[in-house]
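A.B. asks: just a sequence and a predicted model for now, questions to come.
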Amino acid sequence: MIPKVFKEVIDLGDGRKISIETGKLAKQAHGSVVVQSGKCMLLCTVVSNYVQSDVDFLPLTVDYREKFAASGRYPGGFFKREARPSDGEVLTMRLVDRVLRPLFPKDYHSETQVMIQLMSHDEDVMPDAMAGLAASAAIQLSDFPFECAISECRVGRIDGKFIINPTRAQLEISDIDMVIGASADSVMMVEGEMGEISEEEMVEAIKFAHEAIKAQITAQLKLAKAVGQKDVREYETEREDEVLAKKIHALAYDKVYAVAKAGSAKHERSAAFDAIKEEVKASFSEEEITEYGNMVSKYYYKAEKTAVRDLTLNEGLRLDGRKTNEIRPIWCEVDYLPSTHGSAIFTRGETQALATVTLGTSREANQIDMPSYEGEETFYLHYNFPPFSTGEARPIRGTSRREVGHGNLAQRALKRMIPSDCPYTVRVVSEVLESNGSSSMATVCSGTMALMDAGVQLKKPVSGIAMGLITDTETGKYAVLSDILGDEDHLGDMDFKVTGTADGITACQMDIKVKGLAYEILVKALKQAREGRLHILGKLVETIAVPNDDVKPHAPKMVTRVIPNEFIGALIGPGGKVIQELQKATKTTIVINEDPITEEGIVEILGTNQEGIDAVLAKIDSLMFKPKVGESYNVKVIKMLDFGAVVEYLDAPGNEVLLHVSELAWERTENVSDVVNMGDVFDVKYLGIDPRTRKDKVSRKALLPKPEGYTERPPRESSNRRDDRRGAGRDSRDRDRKPRRD
């Protein structure tokens, strides 16, 4: 039976369109769509179990995978099968998850999976920009309890003009690369990097993207209506008890308010809150606790959240006693680790990050092998968040999605400040040693100082800050919080991180929980963030004002040399013999990359010993040495022969040439040793290629004055007479030859 297919088309302008189609594929899923733009096709399916899980949270899994067949390629590795997700896929999962998760009811606990697959790739379409659209469209076709349709898109800017979903080539010349997620009336998520733009420019980009998102949401709703909107499924909701909620609020609110106002440290405050919670629970009998279940804890946390928010809105105070715009005390240190190429500690309040820098050749570049993108990164940052940083003990099961996301944010914050002519591959690793509020921004700060300590010539230092927002829709009050704590991250209405130089924003990440946030409040928050960033930047500059002039003595020095492709083979040698012996003798690492466009080889020489690097450069110079006709060169005798001396160019060791006995002196020379001996150093003149031997010809006598009365010998005629005789013989033989019979 031919399936009935439903389709909606979104016009992006410039002749580009996005289509949403359903009814053909994966019909047993609770919702499925194919989203297509150009040749790029994403299949998204959603499924949610009808039985509630025995947990107190939403077990939502967002999975995004790119199939190598989508771009006509084989997976790398031995098994030739897609394995664990790449960092790029994980980052796309996070972009979608952060927008979807808040829109499910808080009491909906069914196992839910959103699976997005790249089925066909188009080089001019970046699939991650359509993943949020696909996920929301599939959910609209399901019976899930979901608040409203959303979508995501990427915005770029070239020559002052905004572009929706730019190509990868356009992003290379764009000064903005942001992905925005939003509903029809509220912006919910922003993440991206920028080229030092202002706060107002950032807000304009968000507004531009929001208009495009509204059109995508309209298309989703039309598609759902055409298919036939399903009734929202019924599920077992959490039991509510308003009387119990009011009782617990009365028991806990004032006590929590007092502890919050005292401005204590994290562990003291947590212990005090736990004590209040236990007091509240103690006021109920065991039978009541059993009857109410987790309702007591839930209502206590609600009262705690209300008290802390009220303290900030009413008195402008925060959990640790700071005012809303105050930054926690900061101390920094560079060159802490003696063996690394660069290191720095950044400590802000109870958050601490130790960053290290490692310098290498292009061989150490981070290789990216995805169906939608192949390339390499010569600057990359890794972020580690061990459990001891929050005083916890838990198993470490590989790199978490959070670690990938936070590391990517810090990398994007710094990468535009790495100079384009930096010869090194640069790896930054951030070890979070303490955490109570924005360890990713601490990573940006420690990473900046570590890079400067390593001698990487950063264009400008970068700092970062995490901000929060608390609003009261009834009274209209709101408070913007600078340098938020971990607790403030959970209880606030917006968590946003902003990084930048003194001249503008370089990266951001926002999760907005309040509906209909006014753009005026967003601009104010960004302005306050700028003040905090500049304060933190001042602390960094106090510690290390400018990058060190050179790398550390124990760090490798990098020198690059461009050579014509014709000399690469000579430098490598048969089977790599020359380059391997050279690396061993000089204790250097030599990497050769061929540029097919310029037909030149780029030789990278990495070593800690300058003498070794100089020896490699000398070898390269000697390989490329080409004497010029008429020029004089200093040579040394390295071998004596009966018919001359073999000499080596002193400016190009390893380059040898025969100095014939006839070119030693103007006088007739019977023995070579009468004129020169082993080890003698003198000048010779390069005469070019000898037409008889087809080899280089040099002369010592050409640089000496002719003896008085010297006369040139007449050229020998023997060869000509011999040729004449041979010719005459041939003529006579030709005459005597009998005619050939026909």
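C.D. replies: Nice, thanks for sending it over. Numbers count the residues shown, from 1 in each chain.

A.B. asks: can you pull out the helices in the stretch 601-742 of the chain?
C.D. replies: Assigned by DSSP state H, counting those that start in this stretch, the stretch 601-742 of the chain shows helices spanning 610-623, 718-736.

A.B. asks: mean pLDDT for those: which is lowest?
C.D. replies: Least confident of the helices of the stretch 601-742 of the chain, judged by mean pLDDT, is helix 718-736 with a mean of 45.

A.B. asks: element containing the most centrally placed residue in the chain?
C.D. replies: Taking Cα atoms, centre = their mean, the centroid of the chain lies closest to residue 380, which sits 4.7 Å from it. Taking DSSP states H and E as the definition, one finds residue 380 inside strand 379-384.

A.B. asks: can I get the helix or strand just after that strand in PDB, CA atoms only?
C.D. replies: Moving toward the C-terminus from strand 379-384, the next helix or strand (DSSP H and E) is helix 401-415. The C-alpha trace of helix 401-415 is given here as PDB (Å, rounded to 0.1, in the frame of the first residue of the first chain):
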ATOM      1  CA  ARG A 401      28.600  15.100  27.800                       C
ATOM      2  CA  ARG A 402      28.900  17.900  30.200                       C
ATOM      3  CA  GLU A 403      32.700  17.800  30.000                       C
ATOM      4  CA  VAL A 404      32.500  17.800  26.200                       C
ATOM      5  CA  GLY A 405      30.100  20.800  26.200                       C
ATOM      6  CA  HIS A 406      32.000  22.900  28.800                       C
ATOM      7  CA  GLY A 407      35.400  22.200  27.100                       C
ATOM      8  CA  ASN A 408      33.900  23.200  23.700                       C
ATOM      9  CA  LEU A 409      32.600  26.500  25.100                       C
ATOM     10  CA  ALA A 410      36.000  27.400  26.600                       C
ATOM     11  CA  GLN A 411      37.700  26.400  23.300                       C
ATOM     12  CA  ARG A 412      35.400  28.600  21.300                       C
ATOM     13  CA  ALA A 413      36.000  31.500  23.700                       C
ATOM     14  CA  LEU A 414      39.800  31.400  23.100                       C
ATOM     15  CA  LYS A 415      40.300  30.100  19.600                       C
END
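
A.B. asks: which residues touch helix 401-415?
C.D. replies: Here helix 401-415 makes contact (Cβ atoms under 8 Å, 6 or more residues apart in numbering) with 87, 90-91, 93-94, 191-193, 379-385, 428, 430, 439-440, 443-444, 447-448, 451, 462, 464, 497, 499-500, 506-507, 509. (Each C-beta comes from the backbone N, C-alpha and C, glycine too.)

A.B. asks: what do you get if the cut-off is 7 Å, keeping everything else the same?
C.D. replies: Helix 401-415 is touched from outside by 87, 90-91, 93-94, 193, 379-385, 430, 440, 443-444, 447-448, 462, 464, 497, 499, 506-507, 509, with contacts defined as Cβ atoms under 7 Å, 6 or more residues apart in numbering.

A.B. asks: just the strands in the stretch 151-300 of the chain please.
C.D. replies: 161-164, 176-183, 187-197 (DSSP state E, counting those that start in this stretch).

A.B. asks: can you list those strands in JSON lines and add mean neighbour count?
C.D. replies: Shown next, in JSON lines, are the strands of the stretch 151-300 of the chain (neighbours: other Cβ atoms under 10 Å):
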{"stretch": "strand 161-164", "mean neighbour count": "17"}
{"stretch": "strand 176-183", "mean neighbour count": "24"}
{"stretch": "strand 187-197", "mean neighbour count": "22"}
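
A.B. asks: in JSON lines, list those strands along with mean pLDDT and distance to residue 598.
C.D. replies: Compiled in JSON lines, the strands of the stretch 151-300 of the chain are given as follows (pLDDT from 0 to 100; distance: least, Cβ to Cβ, whole Å):
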{"stretch": "strand 161-164", "mean pLDDT": "95", "distance to residue 598": "31"}
{"stretch": "strand 176-183", "mean pLDDT": "96", "distance to residue 598": "29"}
{"stretch": "strand 187-197", "mean pLDDT": "94", "distance to residue 598": "28"}
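
A.B. asks: distance to residue 348 added to those strands, as a markdown table?
C.D. replies: Putting those into a markdown table (distance: least, Cβ to Cβ, whole Å) gives the following:
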| stretch | distance to residue 348 |
| --- | --- |
| strand 161-164 | 35 |
| strand 176-183 | 26 |
| strand 187-197 | 22 |
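
A.B. asks: quick one, which of those is nearest to residue 18?
C.D. replies: Between residue 18 and these, the tightest spacing by Cβ to Cβ is seen for strand 161-164, at 9.9 Å.

A.B. asks: quick one: strands adjacent to the closest one?
C.D. replies: If you go by DSSP bridges, strand 161-164 pairs up with strand 150-158 (antiparallel).

A.B. asks: can you give me the buried ones in the strand it pairs with?
C.D. replies: 150, 151, 152, 153, 154, 155, 156, 157 (16 or more other Cβ atoms under 10 Å).

A.B. asks: and the contacts of that strand?
C.D. replies: 95, 99, 103, 126, 129, 131-133, 136, 162-166, 170-171, 173-183, 188, 205, 208-209, 212-213, 216-217.

A.B. asks: remind me which residues of the protein are low pLDDT?
C.D. replies: Counting by pLDDT under 70, the ranges of the chain that qualify are 711-742.

A.B. asks: ok, longest helix in it?
C.D. replies: Ranked by residue count and defined by DSSP state H, the top helix of the chain is helix 199-227.

A.B. asks: list the helices and strands that helix packs on?
C.D. replies: Here helix 199-227 is seen to pack against strand 6-13, strand 16-22, helix 128-140, strand 150-158, strand 161-164, strand 176-183, strand 187-197, helix 519-543 when contacts are counted using 3 or more Cβ pairs under 7 Å, 6 or more residues apart in numbering; DSSP states H and E.
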